[in-house]
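In: whatever this is, show me its structure:
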Amino acid sequence: MKRSNIKDSELTYINCPICNAVKCKLLYEENEFPVWKCLNCSHIYVSPQPSKAVVFEYYDKDLPEIDNQDASESHRQNVYNQTALAINKYMQHQGDLLDIGAGFGGFLERASVDGWRIHGLEINRPRYNICKQRLSSKANENAIQCSSFEDAELDQTSFDAIVLINVIEHVKNPVSIFERAYELLRPGGCIVIRWPQLAFRGSLHVAPEHLHGFTGRSISTLFNKTGFINVQEYWAGIGDYKKKNNLTKTLIANIFNLCGRISIACTFGRLQIPFVARLTIGRKP
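Out: Residues are numbered from 1 along each chain as shown. Presented below is the predicted three-dimensional model:
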């Protein structure tokens with residue numbers, strides 16, 4: 001969606017959404033939206049941002065892959081497996097897990113196999129319907145909601161893990177998401193985010209889909225600012241980039257896969273190459 005297709009009244013100019021710094025530099029424009037880099041925490045963000053109503057309308061309608069659930073989820077099985085393995089390694093027990101942006105329910109189904117009591121939020125109605133039906137025998141009656149995280153009816157200190165797989169770059173205010181997650185987590189619980197690294201100019205897929213481009217520095221600022229401790233990086237996989245029936249793309253993906261594993265192993269998670277998403281986990285004291 002181009003900026004010119006959105007009314008000026010539905011656009012808001014912002015400072016850095018992570019550290020609130022004013023000083024920034026213009027990187028480029030994409031879909032007529034300026035993309036800025038904060039000179040304090042290095043966060044990359046879109047400003048002006050579309051309103052909540054515009055974003056909700058986009059996610060309620062513009063999801064063509066809804067007609068092909070199997071194809072949409074098949075390439076994410078590696079992502080789900082790697083995320084589940086990381087959480088199980090980080091946590092000492094399985095309790096209540098909330099997946100924000102649950103989609104068709106693939107990750108929740110994977111988590112239930114490990115013994116987690118599963119809960120999910122999905123804003124897109126068709127996806128929610130599929131997710132709820134799919135998990136009807138694995139989740140409690142009201143455990144799956146069609147709602148944004150901001151508007152969902154959830155009890156404080158009721159979760160042991162809150163998971164956002166390729167979601168944090170879509171939200172309007174990452175800090176408020178983390179603050180609410182902190183309130184909902186039990187002491188010792190963890191927040192888990194899988195986030196893409198930008199590789200080159202124009203790779204943000206700007207508004208209203210992606211509103212943020214995180215860096216290692218801005219992610220660290222986000223976790224520290226909202227009170228999370230023991231922040232660790234885990235292998236996140238590159239399943240999003242593997243394409244069936246395309247030998248060239250599969251070969252490239254496998255090369256990035258190998259380089260990414262070497263990178264995270266040699267630097268203990270501090271460095272991962274572009275295109276290889278990062279998986280960051282932090283604990284509530």
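In: contacts only, for Ile168.
Out: Ile168 is in contact with Pro174, Ile177, Ile193, Trp195, His212, Phe214, counting by Cβ atoms under 8 Å, 6 or more residues apart in numbering. Yep, even glycine has a C-beta here, placed from its N, CA and C like the rest.
In: gap between it and His93?
Out: Going from Ile168 to His93 by Cβ to Cβ, to the nearest Å gives 25 Å.
In: do Ala143 as well
Out: When Ala143 is compared with His93 (using Cβ to Cβ), they lie 19 Å apart.
In: between the two, which is the more surrounded one?
Out: Ala143 (18 against 9; other Cβ atoms under 10 Å).
In: what does the residue lying closest to Ser4 once chain neighbours are set aside show for phi and psi?
Out: Distances taken as Cβ to Cβ, 6 or more residues apart in numbering place Glu32 nearest to Ser4, at 5.7 Å, with adjacent residues excluded. Main-chain dihedrals, Glu32, degrees, to the nearest 10: phi 70, psi 10.
In: from Thr215, how far out is Glu32?
Out: 24 Å.
In: who's more crowded, these two?
Out: Thr215 (19 against 13).
In: quick one: contacts for that one?
Out: Thr215 sits in contact with Ser42, His43, Ile44, where contact means Cβ under 8 Å, 6+ apart.
In: now swap in Gly189 and tell me
Out: Here Gly189 is in contact with Gly95, Phe159, Asp160, Ala161, Ile162, Arg283, Lys284 (Cβ under 8 Å, 6+ apart).
In: that one looks like it's in a strand, true?
Out: Yes: counting by DSSP: H, G, I helix; E, B strand; the rest coil, Gly189 is part of a strand.
In: hang on, the earlier thing: ok, now which ones touch the residue nearest to Ser4?
Out: Lys2, Arg3, Ser4.
In: before we move on, back to that, write the PyMOL selection for whichever of the contacts of Gly189 are buried.
Out: Selection of buried members from those for PyMOL, criterion 16 or more other Cβ atoms under 10 Å:
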select buried, resi 159+160+161+162+283+284
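In: so which of the contacts of Gly189 sit within strands?
Out: Using DSSP state E, the members of the contacts of Gly189 that fall in strands are Phe159, Asp160, Ala161, Ile162, Arg283.
In: mind putting those residues into JSON lines with distance to Glu122 and pLDDT?
Out: Converted to JSON lines, the ones in strands among the contacts of Gly189 look like this (distance: Cβ to Cβ, whole Å; pLDDT from 0 to 100):
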{"residue": "Phe159", "distance to Glu122": "16", "pLDDT": "98"}
{"residue": "Asp160", "distance to Glu122": "20", "pLDDT": "98"}
{"residue": "Ala161", "distance to Glu122": "17", "pLDDT": "98"}
{"residue": "Ile162", "distance to Glu122": "15", "pLDDT": "98"}
{"residue": "Arg283", "distance to Glu122": "26", "pLDDT": "98"}
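In: packing partners of the helix or strand Tyr128 falls within?
Out: Element membership of Tyr128 [criterion: DSSP states H and E] is helix 125-134. Secondary-structure packing of helix 125-134 (3 or more Cβ pairs under 8 Å, 6 or more residues apart in numbering; DSSP states H and E): strand 144-145.
In: chain center to the strand it packs on: distance?
Out: With Cα atoms, centre = their mean, to the nearest Å as the basis, strand 144-145 stands 18 Å off its chain's centre.
In: now do it: everything it contacts.
Out: By Cβ under 8 Å, 6+ apart, strand 144-145 touches Ala102, Gly105, His119, Gly120, Leu121, Glu122, Tyr128, Cys131, Lys132, Leu135, Ala152, Glu153.
In: the second one: neighbour count?
Out: Using other Cβ under 10 Å as the criterion, Gly105 is surrounded by 26 other residues.
In: show me what contacts it?
Out: Gly120, Ile130, Cys131, Lys132, Arg134, Leu135, Ile144.
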